[in-house]
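J.: Any chance you can model this:
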Amino acid sequence: MLGLFLDNYEDFRRRLRRRLRSDDLVDDVLQETYLRVRRLDPNDEHARHPTGYLFRMALNMAADHHRASGRLLTGDEVDDLINGVHDGLDPSTVLSSRQEVLALSQAGGGARIAFTTDSYVVTPLFFPGGDIGELAVNGTINDLAMGGARPLALSLAFILEEGLPLDELRRVIASVSSAAARAGVPIVTGDTKVVGRGNGDKIFINTSGIGLVPPGVDLSSLRVRPGDAILLSGTIGDHGATIMAAREGLELGGDLRSDTAALHELAAAVIDACPDAHAMRDPTRGGLAAVLVEIASRRKLGIEVDERAIPISDTVRGACELYGLDPLLLANEGKLVAFVPAASADAVLARLRAHPLGRQAVAIGRVTEDVTGRVSLRTPLGSRRILDLPYAEPLPRIC
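T.: Sure thing, here's the model as predicted:
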C-alpha cells in the first residue's frame, strides 16, 4: 500500500487541492496519510480498489483537520445567518420564503402562482448527455415541478466571459432552445452581460420560472408523516459521475451520461395517482443523501432506507469505488424522490413506471417516528449505518 500511495502521490495532491483549496492543508493531509499508510499491515486486504481506499483515507484526514480547527456551524445556525436578510419583514412572509418554490398569490380558480430562480456554473460546459444550457432549463422546470406547479414560462440570463468562443455560445443557445421546446415551456424574457477576461469562467446562466400550483396540491416537507413511503424514480449518481469522468478525462465504459431531464410530467403523474402526495424533491446537489437527511433533521423524524433497493448502475458504482465516493452523495438532474402515504405507494409506482423517465422507479424506504431525525441505511450485508452529509462538497460546480 505504501508503494501505491507514493506512486499516486502527485495525483492525490492535485485532486485534494481541487477539493480543499489550501496548499498547506493538502501538505498536512498527505503527510498524515503517509504516516497512517506506513502503519498498515501489508498483508491486510483493505479494499477492492486500493487507490480509492487511499484517497478516501486522505479525505478522512482532511475531515479530522476541520473538526480539530474549530466547531462547525450547524445547519440551523447557517439558516439563522442567511435569514438575517429577512429582518424587518412580516413573519408570515419569512415563513413562505423558506419554501423551495414560493407561492406568490392566489390565482384564478384557487390555483397558486409559483416562482423560482437558480444559477448554473457547471464545468465542463459540455458533457455526455447534456450541457450547461439544457441543465439550466431543466433544473428550473424541476424546481417548479417539485412544488407541484405546472411550469408556464422561463427567463434566461447569461453572464459571459470576454473571449468566449462564439461556437460554444451558439451550442449553448441551441441547447437551451431545444430543451425548452421539448418541455413545452417557453423562454419569455432574458438578459446578457459580459465580464472581462479572467473575471468569469466562460458562461454562467441564471434561469427563473413561473408556474401554477393546482387547487388542492400541497407539497411540502412539513407534510411528511411517519408511515410515509419513500419512492425514487430511477438510478442515482449518473450526473455526478458523468461530470467527474469528464473533468478527469476518464473512460469508464458503459453508457455513462448525465440524466438531465425535465421532470414536470413525471411529477404530474405522481400527483394524478396520489393527489394527497406529501412532498417531492429532485436530489441534485448533495444527492439522495441530502434530500433524506434534510427532511429527517428538519422534521425530527426517522427515515429507514434499504440500501439494496436503491438502483445504481454498474458504471457509477465502479467510479465511486475507484474514487472513494458514496453514490448517495452524487448529484442527479433527472430523478425525483416522492413521500406519499403508504396506501398510495403501489399506485404511484405504477404511474411512474409507465413514464419513460420513471421505468426504474422503486420504493426505497419509509418514514418512522424516531425523533432523533436520523437516516438509517440497511446495508447489503444486513447491518445498519447512519447516513450523514460530508463536511465538504465531494464534487463542486456540478450544476
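
J.: correct me, but Gly287 touches Asn332?
T.: Yes: between Gly287 and Asn332 there is a contact under Cβ atoms under 8 Å: 6.4 Å. C-betas here are computed from N, CA, C, even on glycine.

J.: Quick check: neighbours shared by these two?
T.: 236-237, 240 (Cβ atoms under 8 Å, 6 or more residues apart in numbering).

J.: can you give me the strands for the stretch 1-150 of the chain?
T.: Taking DSSP state E, counting those that start in this stretch to define them, one finds strands in the stretch 1-150 of the chain at 102-106, 112-120, 126-127, 130-131, 150-161.

J.: Just send those back as TSV, with distance to Pro226, mean pLDDT and mean neighbour count too.
T.: TSV is the format used below for those (distance: least, Cβ to Cβ, whole Å; pLDDT from 0 to 100; neighbours: other Cβ atoms under 10 Å):
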stretch	distance to Pro226	mean pLDDT	mean neighbour count
strand 102-106	26	46	13
strand 112-120	27	95	19
strand 126-127	40	96	19
strand 130-131	38	96	23
strand 150-161	30	94	19
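
J.: Output those in a markdown table; the columns should cover distance to Glu251.
T.: Below are these laid out as a markdown table (distance: least, Cβ to Cβ, whole Å):
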| stretch | distance to Glu251 |
| --- | --- |
| strand 102-106 | 43 |
| strand 112-120 | 26 |
| strand 126-127 | 14 |
| strand 130-131 | 19 |
| strand 150-161 | 29 |
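
J.: Looking at those, spot the one closest to Gly216.
T.: strand 112-120 (10.6 Å; Cβ to Cβ).

J.: Mind exporting the C-alpha coordinates of the closest one to PDB?
T.: The C-alpha coordinates for strand 112-120 follow below in PDB (Å, rounded to 0.1, in the frame of the first residue of the first chain):
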ATOM      1  CA  ARG A 112     -51.500  29.500  -6.700                       C
ATOM      2  CA  ILE A 113     -48.700  31.200  -8.700                       C
ATOM      3  CA  ALA A 114     -45.300  29.700  -8.000                       C
ATOM      4  CA  PHE A 115     -41.900  31.300  -8.700                       C
ATOM      5  CA  THR A 116     -38.300  30.000  -8.500                       C
ATOM      6  CA  THR A 117     -34.800  31.000  -9.600                       C
ATOM      7  CA  ASP A 118     -31.500  29.200  -9.900                       C
ATOM      8  CA  SER A 119     -28.000  29.800 -11.300                       C
ATOM      9  CA  TYR A 120     -25.700  27.400 -13.100                       C
END
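
J.: Tell me the spatial nearest neighbour of the spatially most central residue of the chain, not counting adjacent residues.
T.: Closest residue to the average C-alpha location of the chain: Thr284 at 2.0 Å, with Cα atoms, centre = their mean. Nearest in space to Thr284, with sequence neighbours left out and distances taken as Cβ to Cβ, 6 or more residues apart in numbering, is Ala331 at 5.3 Å.
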